[in-house]
Each structure stands twice: as C-alpha cells, then as structure tokens.
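J.: need a structure here:
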Amino acid sequence: MNVPAAVQGRAWDVAAPFVQAIRVGAEDLDRFGHTNNVVYLSWLERVAWAHSQQLGLGFSDYERIGCGCVARRHELDYLAPTFAGDELLVATWIAENDGRLSMWRGYQIIRASDGRTVLRGRTHWVCVDLASGKPRRQPPEFVVAYKPAVPLAGGAATGAAGERA
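T.: Below is the predicted model of the structure:
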C-alpha cells in the first residue's frame, strides 16, 4: 500500500501506534453503501489482538497466566464514511493503564488515500480471572507489556468519549 507522507508520523495521535492495513470489501458495507459500524468494531478487535501478540501476550499466554482482559466499554467516533476499495490504516495503542484492574486502549483509523482520520475510539478493558470470570489484579506481565503510548506534542490524544483533548 502506498501511504501518503501525511500519514507517516504527524497524523497519528501517538508517537508509535501499532498499525495494520485493511482494504474495505463489498461485504463490509451496509445498506447505505458505506462501512457498517459493526465491521469497524471487528477491525478494532483484530488489531488489538495483533498488538497484544506483538507485545508478547497472546491467548495462550492468558491461559498460562490464568487471566485476561475483557471489554467493558467501547467509545467510537465515526468521523467520515469509508467505502468499498478504500485502503485503511487501523492503529491501536495502550492509552492508559492503572496497573491494577483496568486499562484503556486507543484506536485511530486513517484513510490511506488522503490521510484523513475516519474513526477515533477507545475501549476500556478489565482484567479478569479466566476460571471465575471475576475481576482480578493485573499480573506483572500485563503491567510490563501494556505500557501507555506517548502522545505526540499537539496531537489529538483522545479523552473521555473519544473527544480531542
């Protein structure tokens, strides 16, 4: 994928997000002819898992440790529509981590053709015990791996409800 210079660095809300490229397919569209909101959420889940694995924590690690993270809340701001054939850069990073029970993961989707941010969002994740499903303090592996990213100076770090801070 040919990525415009505007997308490389400055356009991201954080210094070094984890990024995956996705091309919108006809199967991703709703009856209005643009990408369905549920599809965006599936892309965010996919990039979150890939990022977690890149940080050294795949599901087999969750099983070995006996705990994992489950979504408690999603906040998504759809800023512009996308259509079949659009190439998108789906980015994620750890926005906050209290080192105890929860963390926030940030997301940003940029359309490669024009460098426009089409979605910003975040998910509140809670650490749970895999056997009981009850909240559990994050193990040391999570605290080490899930470190918050560094926002860019003057960047658009997301606050509550995904608004520009």
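
J.: What pLDDT is listed against the closest residue in space to Ala91 that isn't next to it in sequence?
T.: Of all residues not flanking Ala91 in the chain, Pro17 sits nearest, at 3.7 Å (CB to CB, 6 or more residues apart in numbering). All C-beta atoms are positioned from the backbone trio N, CA, C, and that covers glycine. What the model reports as pLDDT for Pro17 is 96.

J.: Burial check on Pro17, number of neighbours?
T.: 19 (other CB atoms under 10 Å).

J.: can you check Pro135 too?
T.: 15.

J.: need the contact list for it.
T.: Contact partners of Pro135, counting by CB atoms under 8 Å, 6 or more residues apart in numbering, are 101, 126-129.

J.: mind listing the strands for the chain?
T.: Ranges of strands within the chain are 18-23, 67-78, 87-97, 102-111, 117-129, based on DSSP state E.

J.: What pairs with the second one, parallel or antiparallel?
T.: Meaning strand 67-78. If you go by DSSP bridges, strand 67-78 pairs up with strand 117-129 (antiparallel).

J.: how big is the angle separating the strand it pairs with from strand 87-97?
T.: 40 degrees (axes from the mean of the first three to the mean of the last three CA atoms, to 10 degrees).

J.: Fine, thanks again, bye for now.
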